[in-house]
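>>> Kindly return the folded structure for what I paste below:
(chains A and B)
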Amino acid sequence: MAEAVVELQGVVKRFNVGQPNETEVLHGIDLVLARGEFCAVMGPSGSGKSTLLNIVGLLDRPTGGRLRIAGRDTHDLDDGALTRLRGHEIGFVFQYHHLISAFTACENVMMPLLGAGEFPDAAMRRRAEELLGRVGLSAWRDKLPGHLSGGQQQRVAVARALAMGPALLLADEPTGNLDTQSAATVFDLLREVNREQGMAVLFVTHNADLAARCDRTVQVVDGRLQGGAAAHAVA
Amino acid sequence: MNRLQPFEWIVALRFLREGRLQTVFIVSGIAIGVGVIVFMSALLSGLQSNFVRRVLTAQPHIQLLPPKEVARALGPGPGLARDAIEDALVQQPLQRLKSIDQWQAIVAQIGTMAGVRVVSPQADGSALAVRGDASRSVSVSGVEPALYFRIVDLPSKVVAGAATLGSTDVVIGTELASDLGVEVGDKLRLSSASGVVQVLTVTGLVDLGNKGANQRAAYMALHTAQGLLGLTGGVSSIGVTVDDVYAAERVAQRITAATGIEADSWIATNAQFFSAVSAQTTANTTIRFFVALSVAFGIASVLVVSVVQKSREIGILRAMGISRGQILRVFLLQGGLLGLAGSLVGSALAMVALVLWQRYALNADGTPMFVLTMEPTLFALALALATLTGLGAAFAPALRAARLDPVVAIRG
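Numbering: from 1, shown residues only, chains lettered A, B, ... in the order given. Below is the predicted model:
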């Protein structure tokens, strides 16, 4: 069995804990994602997909259960340690690409490296240019996000997510805001880097065709994983 | 991107550059505030130093005077209890001109005290200057030129002749010379209240910068004045200059304690001026405080808006592994940089305003109203204060940015 990158055991998430309007959004999620696995997450709006992704991405803490990322139990980690773990092991691609508008495409890709304490030297720039080349945007490296199309911006976001060489890539409906061709391009790109670099990918989508091209699909319905995919052994 | 800049500097500078219009407006606001503070401070300090210079080039820093004569009731007569007081009417005595007792010893004693630069004995009094049918009352100053000229630079005030004070010489004010119609080389008859008459030669005319003083001033050698005023061998005052003009009051107190003679410092005799300066300083400090406060609010409001505008980007940065501390520093830096940039522009504006002031705020004779000194420390202080104000003002928005929940921020 390949090494597990994500392990969730009985993860529960409640909001407004202790208040009259306390709501449980996730009800004991069990999920294992192995290195190199490309897993689609599907489900209706409001089913808890984004909450699940935020917890796996260490942007939010579970109310109950255990979460391990790249072999580390996150339960006792403080905010600083979670931030470092997130920065080094997890890459994000959001639906609305969310590039930093004041920086060029190349600088956006360099941003996680800068945040990790590195200085913007030639090696860092080379690495960012390589990643932009990998997503087919070498010619646009010095353009500001405002001068790129939606598909191009999303590809820059993919390059940025790969900058730190993460073990896990979280993609929250990255194709949801793109036309069919751009969506296919971005998906192909994610699939390629998944195969080339062996990173695990959790891919939230409403697109059944794209989900069908993933290694497996899990359904989130009313805060529960369905379809027998909760605990998945990877050969 | 500058290769030597860490993440926080790069992002802070880029955010400021991106919000160009906001940055220009707030830097202009800070610049005006800092410019006003620097200009006002330089003006006030110029005014003070100008006054001090003018006062202290025309008088000693400390003046020793003989004790005033005091009338008191006699003790109880024979047959009365020792603590009995007679019902006596005590009149204020006349203050006749008299010498400071043992003045030579006192001059020698003061001359050895720490912080004392020059000690100059003087015989001062009043006399009548007569020429033909014209007469004017004059203030006689009998001085030892070698010492007195180190206190009051009389030679620099001479407009005709020279400040020569031989035993039969007199140097008088320009207005007095005009009133009596005398010129350098003319004889002037001076008579004192005691009836002594001396005929002296006018060797120089001086302009003391004050019409009243120019109408009365008559300088002569110490022994000449002693003869004229009936103070043979005596002096009516001792002038002292000290190394630190602002320590004059402390030195004066030491002199009084050591000699028992009343010593008045220029600070005590110009109490009204110091009261005015103190009021001006208080007003200036108040204005500075409120200007700094408005600058701080300006910076804070711009950064609060920036945090709101950038909240999604802050969320993304947090998702990328940027720590709360880094986000905090990005916004603190922006505040500090805004303060620094505003104070640099403001200092330059103040410098231009000061140059214009010196060029256009002139006396009737075309000389500058007073000399303004552009103290580097004033500008350094303005830079430091504005930068610190910027950092302080940025703290609340920076904290808000650092505490943003990335999930909420990304969702927008």
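
>>> Contact partners for the residue nearest to residue A:183 when sequence neighbours are not counted?
Leaving aside its sequence neighbours, residue A:183 sits nearest to residue A:175 (Cβ to Cβ, 6 or more residues apart in numbering or on different chains; 3.5 Å). The way it works is simple: take the backbone N, C-alpha and C, and place the C-beta from them, glycine included. Residues near residue A:175 by Cβ atoms under 8 Å, 6 or more residues apart in numbering or on different chains: A:154, A:182, A:183, A:184, A:186, A:187, A:205, A:207, A:210.

>>> all helices of the chain, in order?
All of this is about chain A. Per DSSP state H, chain A carries helices over the ranges A:49-56, A:79-89, A:105-115, A:122-134, A:150-162, A:180-197, A:208-212.

>>> that's the wrong chain, I wanted chain B
B:7-18, B:20-56, B:103-111, B:145-148, B:174-180, B:211-216, B:222-229, B:248-259, B:266-269, B:271-309, B:311-319, B:324-360, B:376-402, B:406-411.

>>> ok, and for the fourth one, which residues are buried?
By 16 or more other Cβ atoms under 10 Å in any protein chain shown, the buried positions in helix B:145-148 come out as B:145, B:147, B:148.

>>> Relative to chain B, how far out is the residue nearest to residue A:183?
Between residue A:175 and chain B the distance is 18 Å, computed by Cβ to the nearest Cβ, to the nearest Å.

>>> quick one, phi psi at that residue?
Per-residue torsions, residue A:175: phi -100, psi 0 (degrees, to the nearest 10).

>>> Give me the pLDDT value at it.
Note for residue A:175: predicted pLDDT of 83.

>>> Kindly report the same for residue B:233.
Looking at residue B:233, the pLDDT reads 86.

>>> Please look at it and residue B:226 and confirm they touch.
Yes - between residue B:233 and residue B:226 there is a contact under Cβ atoms under 8 Å: 6.7 Å.

>>> Between these two, point out the one with more neighbours.
residue B:226 (21 against 10; other Cβ atoms under 10 Å in any protein chain shown).

>>> and residue B:198, how many neighbours?
For residue B:198, using other Cβ under 10 Å, the count is 18.

>>> if I look at it, how far off is chain A?
Residue B:198 is 87 Å from chain A, by Cβ to the nearest Cβ.

>>> Touching, that residue and residue B:228? I think so.
Yes - counting by Cβ under 8 Å, residue B:228 is a contact partner of residue B:198 at 5.2 Å.

>>> list residues touching both of the two?
Taking Cβ under 8 Å, 6+ apart as the criterion, residue B:198 and residue B:228 both touch residue B:190.

>>> center of chain A, which residue is that?
In chain A, the residue lying closest to the centroid (Cα atoms, centre = their mean) is residue A:170, at 1.0 Å.

>>> Can you verify my assumption that that residue contacts residue A:94?
No - at 9.0 Å, residue A:170 does not count as touching residue A:94 under the criterion of Cβ under 8 Å.

>>> could you redo the helices of chain A as a markdown table and give each row distance to residue B:158, mean pLDDT and mean neighbour count?
Formatted as a markdown table, the helices of chain A follow (distance: least, Cβ to Cβ, whole Å; pLDDT from 0 to 100; neighbours: other Cβ atoms under 10 Å in any protein chain shown):
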| stretch | distance to residue B:158 | mean pLDDT | mean neighbour count |
| --- | --- | --- | --- |
| helix A:49-56 | 89 | 92 | 24 |
| helix A:79-89 | 78 | 93 | 18 |
| helix A:105-115 | 72 | 92 | 25 |
| helix A:122-134 | 74 | 90 | 17 |
| helix A:150-162 | 82 | 90 | 25 |
| helix A:180-197 | 93 | 87 | 17 |
| helix A:208-212 | 102 | 90 | 14 |
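
>>> Point out the residues in chain B that sit beside chain A.
B:1-7, B:10-11, B:14-15, B:17-18, B:312-313, B:315-326, B:406-407, B:410 (Cβ under 8 Å from any Cβ of the partner chain).

>>> By proximity to chain B, which residue of chain A wins?
residue A:87 (1.7 Å; Cβ to the nearest Cβ).

>>> Let me see the contact set for that residue.
A:112, A:115, A:116, A:164, B:320, B:321, B:322.

>>> repeat that with 6 Å
A:116, B:321 (Cβ atoms under 6 Å, 6 or more residues apart in numbering or on different chains).

>>> Ok, the one 4 residues further on next?
Residue A:91 makes contacts with A:161, A:166, A:169, as judged by Cβ under 6 Å, 6+ apart.

>>> where's residue B:9 relative to residue A:100, distance?
Separation of residue B:9 from residue A:100 (Cβ to Cβ, to the nearest Å): 15 Å.

>>> okay, the two: which has more neighbours?
Applying other Cβ under 10 Å to residue B:9 and residue A:100 shows that residue A:100 carries more neighbours, namely 23 against 16.

>>> The more buried one contacts residue B:315, doesn't it?
No - here residue A:100 lies out of contact with residue B:315, judged by Cβ atoms under 6 Å, at a distance of 11.1 Å.

>>> What's the per-residue pLDDT of residue B:93 here?
At residue B:93, the predicted lDDT confidence score is 66.

>>> Same check on residue B:226?
89.

>>> per the record, what domains does chain B have?
As assigned by automatic domain parsing, chain B contains the domains B:7-55+B:273-411, B:97-260.

>>> closest one to residue A:217 among the ones you listed?
The minimum distance between residue A:217 and the domains of chain B falls on domain B:7-55+B:273-411, with 24.3 Å, by Cβ to Cβ.

>>> Identify the residues contacting residue B:378.
By Cβ under 6 Å, 6+ apart, the contact set of residue B:378 is residue B:41.

>>> State the distance from it to chain A.
From residue B:378 across to chain A, the span is 36 Å (Cβ to the nearest Cβ).

>>> Show the pLDDT at that residue.
On pLDDT, residue B:378 comes in at 85.

>>> Contact partners for residue B:186?
By Cβ under 6 Å, 6+ apart, the contact list for residue B:186 reads residue B:202.

>>> residues making contact with stretch B:48-57?
Applying Cβ under 6 Å, 6+ apart, the external contacts of stretch B:48-57 come out as B:245, B:277, B:370.

>>> which one of those is nearest residue B:268?
In terms of Cβ to Cβ, no member of the contacts of stretch B:48-57 lies closer to residue B:268 than residue B:245, at 13.0 Å.

>>> which residues touch that closest one?
Counting by Cβ under 6 Å, 6+ apart, residue B:245 touches B:56, B:61.

>>> Next: residue B:361.
So residue B:361 contacts residue B:369 (Cβ under 6 Å, 6+ apart).

>>> Quick check: it vs chain A, distance?
In terms of Cβ to the nearest Cβ, residue B:361 sits 46 Å off from chain A.

>>> What of residue B:92?
Distance of residue B:92 to chain A, computed by Cβ to the nearest Cβ: 83 Å.

>>> How about residue B:258, nearest residue that isn't a chain neighbour?
With sequence-adjacent residues excluded and distances taken as Cβ to Cβ, 6+ apart, residue B:258 is closest to residue B:109, at 6.6 Å.

>>> hang on, I meant residue A:110
Excluding the flanking residues, the one nearest residue A:110 by Cβ to Cβ, 6+ apart is residue A:128, at 4.6 Å.
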